[in-house]
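S.K.: whatever this is, show me its structure:
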Amino acid sequence: MFNERIALKLRLEQMADSEERILQEFRKERQAIMERLRELDLSQGEPQEFNLHETSDIEPYTSSDESIFLPHPTTKRIPKTKKIGKSRQMHEAAFKILRERLQPVKGTEIQEYILSETGFKVANMTTFMKTIQRKDKQVRKLDRGLYIFEKES
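M.R.: From the prediction side, this is the model:
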C-alpha cells in the first residue's frame, strides 16, 4: 500500500540524489576554475600559489568531505537588527494607536497610521494584525477589519 509515509521517504531520497548531483557539478566547475587560474598564473611567467582570500570575497567552508563556498565575513550585509527594528517599529505604532483610542479601530486606519509614523507600509494587514494579537492578548478582532485594545479590568 502506497501511503504518505512512503511518499515522503521517496521524496527525501530523490532530494538526496539531486543534492549529490548538484554538489558534483559544483565540484567539477570549481576544479575547472582552479585549473584555469593555475594556467593563467603559469602563463604570466611567475607561478603563484592561488590564495582564495586575496582574489575573492569568498572563503571555503569544509563540511565533512565536501567544500562549499560561503560569502566572506567582510562582505557587507544588512544586519538582522535592522530587520527586527523595522517590524518592532511597526508593531509599536499599531499598539500605540490601539491603546490611544477607546473605540474599535479600522484596519485601514491602523495601516495609514503605521505608514505615517514609521514610513513602512504593511504588506498584508491580516497577517500583521494576527501577529499583533499573538503578541498582546488584549488586542482583539471585533469584526471584519475592526480591532480594539481591551484593557484588563
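
S.K.: helix/strand/coil for the residue of the chain most remote from its centre?
M.R.: Distance from the C-alpha centroid of the chain peaks at Gly45, with 45.6 Å (CA atoms, centre = their mean). In three-state terms, and counting by DSSP: H, G, I helix; E, B strand; the rest coil, Gly45 is coil.

S.K.: quick one, helices of this structure?
M.R.: For the chain, helices defined by DSSP state H occupy the ranges 4-43, 52-55, 80-100, 107-118, 125-135.

S.K.: which residues outside the fourth one are in contact with it?
M.R.: Spelled out, it's helix 107-118. 86, 89-90, 93-94, 96-98, 120-122, 125-126, 129, 145-147 (CB atoms under 8 Å, 6 or more residues apart in numbering). Where you see a C-beta, it was placed from the backbone N, CA and C, and this is true even at glycine.

S.K.: alpha carbons of that helix, as CSV, please.
M.R.: C-alpha atoms of helix 107-118 as CSV (Å, rounded to 0.1, in the frame of the first residue of the first chain):
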residue,chain,number,x,y,z
GLY,A,107,-7.5,48.1,9.9
THR,A,108,-7.1,50.7,7.1
GLU,A,109,-6.7,53.4,9.8
ILE,A,110,-4.1,51.3,11.6
GLN,A,111,-2.3,50.8,8.3
GLU,A,112,-2.3,54.5,7.4
TYR,A,113,-1.1,55.4,10.9
ILE,A,114,1.8,52.9,10.7
LEU,A,115,2.8,54.4,7.3
SER,A,116,2.7,57.9,8.7
GLU,A,117,4.6,57.1,11.9
THR,A,118,7.2,54.7,10.6
